[in-house]
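Trainee: Sequence plus predicted model, see below.
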Amino acid sequence: MGSTRTAGGTARGTARAGNGTWRNWGGNVSARPARQTAPASVGELAAVLRRAAEDGLPVKAVGTGHSFTSIAATDGVLIRPGLLTGIRGIDREAMTVTVAAGTPLRRLNVALAREGLSLTNMGDIMEQTVSGAVSTGTHGTGRASASLAAQIRGLELVTADGTVLTCSATENADVFAAARIGLGALGVVTAITFAVEPLFLLTAREEPMPWERVLSDFDELWTENEHFEFYWFPHTDGTNTKRNNRSAGPERPVGPVRAWLEDEFLSNGVFQAANWVGRAAPGTVPALARLSSRALSARTYTDIPYKVFTSPRRVRFVEMEYAVPREAVVATLRELRAVIERSRLRISFPVEVRTAPADDITLSTASGRDSAYIAVHMFRGTPYQAYFTAAERVFAAHEGRPHWGKVHTRDAEYLAGVYPRFGEFTALRDRLDPDRRFRNDHLRRILGS
C-alpha cells in the first residue's frame, strides 16, 4: 500500500478510538472496523481499494462523523481523508475552486475569503469535510441558491476497482448527476470543484416572532428574503427568525462581547445547562423552553458570508430532518405541533425550518421540487425514538424525503416512491460497484441489495 498511514486517532469532531471503535459526533452510532487507513494520495487510495478487494473486505470513507446515521459505519476498512486536504487550484476565469476531499469546510471558507472569493450558500456549521458534507446532501437555506452539492462543477471519484473518474456535466455526465450526492455508494470522492463568486456581504436580521405570524406570513417571508429560516421552540408560541440578504455594506459584524454573550454563553453554555436539567427532570422542559425562546434579543449585523451562514454548535444532539414540498411546509408544521401537544413528549431543542430550490441531482432531497426542510432534535443522551417516530409519520404523510445524514427509518421501497430517479441511481451503483465494495447494512436498507 505504499506509504498509506494507519489512523491511530480520529478526525476532528469524532470520539477517540484508541480501542479501534469509531463513533460519530452525536454518539448514537459506533463501529469496529477491521483496519483504518489514511491515504496521502489518490494512488494510495486506489491501492487501499484493491487490497480490500483481495481481502474480501467492504470499504467506507468517513469525515468528521457529523452524520447521525450509520452511513459511514463498517466492519471492514475505514478510510480517513485527513491527509487528502488543501486547495488544488483556483480558476478565476471559470470562477471555480478545486479542493481535496478531506478539507474541512472551515478551512475552505477561510482560504476563499483570503482570496476575495466565497461559496454562494452553505450550511450552518463548518466542521464537516467537503466530501462528507456534499455526499450526504448538506444544505443551508435559500430562495434561489441551493445546497453545497448543487454548487459542484466537477469531481474526482475513485471507483471500487481503483479507477479514477473525472466527472462533470460534460465528462462522465451520468456519474456526475448522481455522485454529487453519492451516499458513499458509488466510490470515494477525492476532489471537488465548486463554483465560487467574488466575496460579498450579507446583512442578517434576527428577531423573535410569534408562531402564528411566521406560519401565516411564511410565503411572504420566503419570497422577500434571499435566505429565510426560523426556529420554533416546542411547548411555546415563540420562534426566532433569521433573514439574510446581500448588502452593499458597510461591514458591521457583531461586536466581540455581544458575540461571546449570545453565541457562546447563551446559545451554547446556558443552553447546554438547560438541557442537562431537562434531561434529569423532564417536567421542567416546558418552562425551560419558554425561557430559551425569550433568551435572545433582536439583532442586525453585516459580515462576509461564512460568518453569517454558520454558527458554533457545541451542544451535542441527535437529529432527524425531512424535506417536504415547499407548499406543504405550513400544514406539516401544524400537524407536527399538534402531535407534540397531544403527547407526553418533552422537547428541549427547537425545530429548525429552512428552504431550498429544486435542483437536478439524482438523489438530492430537493431533486425536481422546491423544498422546505424541517429538522427535529433531541439532546444527546435523551431518548429520542418516540419523538422521531411521531415526527416521521407526519413527514412521510407529505411525501417527505429524509436527509441522508440524519436519523430515519425509511427503506428502498419508500425512497423509490419519493425519488423519481431512484432507479437511475441504483442502476449506476450496479455498474460502478457490482461487488458492493462500499456496502454496509445502512446502504442495504436504503438502496436495496
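Mentor: Sure thing, it's come through.
Trainee: So which residue is smack in the middle of this structure?
Mentor: Centroid check for the chain by C-alpha atoms, centre = their mean gives residue 138 as the closest residue, at 3.2 Å.
Trainee: Leaving out sequence neighbours, find the closest residue to it.
Mentor: Nearest non-adjacent residue to residue 138, counting by C-beta to C-beta, 6 or more residues apart in numbering: residue 123, 4.6 Å away. Placement of C-beta: from N, CA and C, glycine included.
Trainee: Contacts only, for the one you found.
Mentor: Residues counted as contacts of residue 123 (C-beta atoms under 8 Å, 6 or more residues apart in numbering) are 105, 133, 138-140, 148, 309-310.
Trainee: Report the secondary structure state of the residue nearest to the centre of the chain.
Mentor: Three-state call for residue 138 (DSSP: H, G, I helix; E, B strand; the rest coil): coil.
Trainee: Just the pLDDT for it.
Mentor: Per-residue confidence at residue 138 stands at 96 (pLDDT).
Trainee: list the contacts for it?
Mentor: With C-beta under 8 Å, 6+ apart, residue 138 has these contacts: 123, 128, 147-149, 405.
Trainee: Ok, residue 348 next?
Mentor: Here residue 348 is in contact with 274-275, 278-279, 285, 288-289, 292, 378-379, 382 (C-beta under 8 Å, 6+ apart).
Trainee: what do you get for residue 366?
Mentor: 139, 146-147, 150, 323, 356-359.
Trainee: okay, the residues you listed in a markdown table with secondary structure, distance to residue 253 and neighbour count next?
Mentor: Rendered in a markdown table, the data for the contacts of residue 366 read as follows (DSSP: H, G, I helix; E, B strand; the rest coil; distance: C-beta to C-beta, whole Å; neighbours: other C-beta atoms under 10 Å):
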| residue | secondary structure | distance to residue 253 | neighbour count |
| --- | --- | --- | --- |
| 139 | coil | 24 | 30 |
| 146 | coil | 26 | 21 |
| 147 | coil | 26 | 27 |
| 150 | helix | 28 | 24 |
| 323 | strand | 32 | 29 |
| 356 | strand | 26 | 27 |
| 357 | coil | 28 | 16 |
| 358 | coil | 33 | 14 |
| 359 | strand | 31 | 22 |
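Trainee: Among those, which pair sits farthest apart?
Mentor: Largest separation among the contacts of residue 366 by C-beta to C-beta: 150 and 323, giving 13.3 Å.
Trainee: How many neighbouring residues does residue 306 have?
Mentor: If you count neighbours by other C-beta atoms under 10 Å, residue 306 ends up with 20.
Trainee: Disregarding residues adjacent in the polypeptide, which is nearest to it?
Mentor: Residue 306 sits nearest to residue 109 (C-beta to C-beta, 6+ apart), 3.9 Å away.
Trainee: Pretty sure that neighbour sits in a strand.
Mentor: No: per three-state DSSP, residue 109 lies outside any strand segment and is helix.
Trainee: Now for it: which residues touch it?
Mentor: If a contact means C-beta under 8 Å, 6+ apart, then residue 109 has 118-119, 122, 126, 305-306, 310 as its contacts.
Trainee: what about it, distance to residue 287?
Mentor: 38 Å (C-beta to C-beta, to the nearest Å).
Trainee: quick one: terminal-to-terminal distance for stretch 164-184?
Mentor: From its first residue to its last, stretch 164-184 covers 15 Å (C-alpha to C-alpha, to the nearest Å).
Trainee: Same check on stretch 137-145?
Mentor: 14 Å.
Trainee: Stretch 217-234 too?
Mentor: 19 Å.
Trainee: How about stretch 226-240?
Mentor: Using C-alpha to C-alpha, the two ends of stretch 226-240 sit 17 Å apart.
Trainee: What mean pLDDT does that stretch get?
Mentor: Mean predicted confidence for stretch 226-240 is 96.
Trainee: got the buried residues for it?
Mentor: Across stretch 226-240, burial judged by 16 or more other C-beta atoms under 10 Å covers 227-236, 238-240.
Trainee: Stretch 341-352 now?
Mentor: Neighbour-count burial for stretch 341-352 [16+ other C-beta under 10 Å]: 345-352.
Trainee: related to what we said a few turns ago, reformat the buried residues of stretch 226-240 as TSV; add secondary structure and distance to residue 268.
Mentor: Below are the buried residues of stretch 226-240 laid out as TSV (DSSP: H, G, I helix; E, B strand; the rest coil; distance: C-beta to C-beta, whole Å):
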residue	secondary structure	distance to residue 268
227	strand	23
228	strand	24
229	strand	19
230	strand	20
231	strand	15
232	strand	20
233	coil	16
234	coil	20
235	coil	21
236	coil	20
238	strand	19
239	strand	20
240	strand	15
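Trainee: between these, which is closest to residue 259?
Mentor: If you rank these by distance to residue 259 using C-beta to C-beta, residue 240 comes first, at 16.3 Å.
Trainee: got a list of what the spatially closest residue to the closest one that is not a sequence neighbour touches?
Mentor: Nearest non-adjacent residue to residue 240, counting by C-beta to C-beta, 6+ apart: residue 231, 4.9 Å away. Contacts for residue 231 (C-beta under 8 Å, 6+ apart) come out as 239-240, 350-353.
Trainee: try 7 Å
Mentor: 239-240, 350-352 (C-beta atoms under 7 Å, 6 or more residues apart in numbering).
Trainee: farthest-separated two in the residues you listed?
Mentor: 240 and 351 (11.2 Å).
Trainee: show me the residues around residue 121 that make contact.
Mentor: 140, 142, 145-146.
Trainee: What's the per-residue pLDDT of it here?
Mentor: Residue 121 is given a pLDDT of 97.
Trainee: Give me the phi and psi for it.
Mentor: Main-chain dihedrals, residue 121, degrees, to the nearest 10: phi -150, psi 160.
Trainee: what about the closest residue to it other than its chain neighbours, which helix or strand?
Mentor: Closest residue to residue 121 apart from its sequence neighbours, by C-beta to C-beta, 6+ apart: residue 145 at 4.0 Å. For residue 145, there is no host helix or strand (DSSP states H and E).
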